[in-house]
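A.B. asks: build me a model from this:
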Amino acid sequence: MMPAVVLSVRMLLDPGAYPYYTAGLVLATVVLDVGWRRTRWPWVSMGVVLGLYAVRAMGPLTPTNEVLGWLRLVTILCVLAVALGPDWRAHRVHWPGQDQSAAYRRVPMNESPDSQIT
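C.D. replies: Numbers count the residues shown, from 1 in each chain. This is a model prediction of the structure:
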């Protein structure tokens, strides 16, 4: 998580940063996706690649430098929001005095889920 934050802040403070900072940010977001968020798809990494690399390879449809700068700003702010923001994965609530299996149980064991429909 920290390499993504450090590189994002560096790229925000120096808009004319060297190209290896961009590659480092992609690598840091891969670590963020795999190590911290543990999602099925590397959404942050794909967003960084699309926001920083793919738009430059659109041929005659490539945006102007001003639009590319704004897109870079938005991409980096999104990386910071994901890295520093709350964990958005769903968590089960475990109440004190409740056994662990009760936090996951919705239907009594002797009834079928269809008997709950009224």
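A.B. asks: name the residue closest to the centre of the protein, please.
C.D. replies: Closest residue to the average C-alpha location of the chain: residue 44 at 3.9 Å, with C-alpha atoms, centre = their mean.
A.B. asks: in this structure that residue contacts residue 37, no?
C.D. replies: Yes: Residue 44 is in contact with residue 37 according to C-beta atoms under 8 Å; the separation is 7.0 Å. Yep, even glycine has a C-beta here, placed from its N, CA and C like the rest.
A.B. asks: just to revisit the earlier point, and the residue nearest to the centre of the chain, what does it touch?
C.D. replies: Residue 44 makes contact with 4, 29, 32, 33, 37, 78, 79, 82, according to C-beta atoms under 8 Å, 6 or more residues apart in numbering.
A.B. asks: mind putting those into a markdown table with distance to residue 20, secondary structure and pLDDT?
C.D. replies: Output for these, formatted as a markdown table (distance: C-beta to C-beta, whole Å; DSSP: H, G, I helix; E, B strand; the rest coil; pLDDT from 0 to 100):
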| residue | distance to residue 20 | secondary structure | pLDDT |
| --- | --- | --- | --- |
| 4 | 15 | helix | 87 |
| 29 | 15 | helix | 91 |
| 32 | 18 | helix | 86 |
| 33 | 20 | helix | 86 |
| 37 | 24 | helix | 74 |
| 78 | 21 | helix | 91 |
| 79 | 17 | helix | 90 |
| 82 | 22 | helix | 87 |
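A.B. asks: just the C-alpha atoms of whichever helix or strand residue 46 is part of, please, in PDB.
C.D. replies: In the assignment (DSSP states H and E), residue 46 maps to helix 43-52. What follows is helix 43-52, C-alpha atoms only, in PDB (Å, rounded to 0.1, in the frame of the first residue of the first chain):
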ATOM      1  CA  TRP A  43      -9.200  -3.200 -10.700                       C
ATOM      2  CA  VAL A  44      -6.800  -0.600  -9.400                       C
ATOM      3  CA  SER A  45      -4.000  -1.800 -11.600                       C
ATOM      4  CA  MET A  46      -6.300  -1.900 -14.700                       C
ATOM      5  CA  GLY A  47      -7.500   1.600 -13.900                       C
ATOM      6  CA  VAL A  48      -4.000   2.900 -13.700                       C
ATOM      7  CA  VAL A  49      -3.000   1.200 -17.000                       C
ATOM      8  CA  LEU A  50      -6.100   2.600 -18.800                       C
ATOM      9  CA  GLY A  51      -5.700   6.100 -17.200                       C
ATOM     10  CA  LEU A  52      -2.000   6.500 -17.800                       C
END
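A.B. asks: all set now, cheers.
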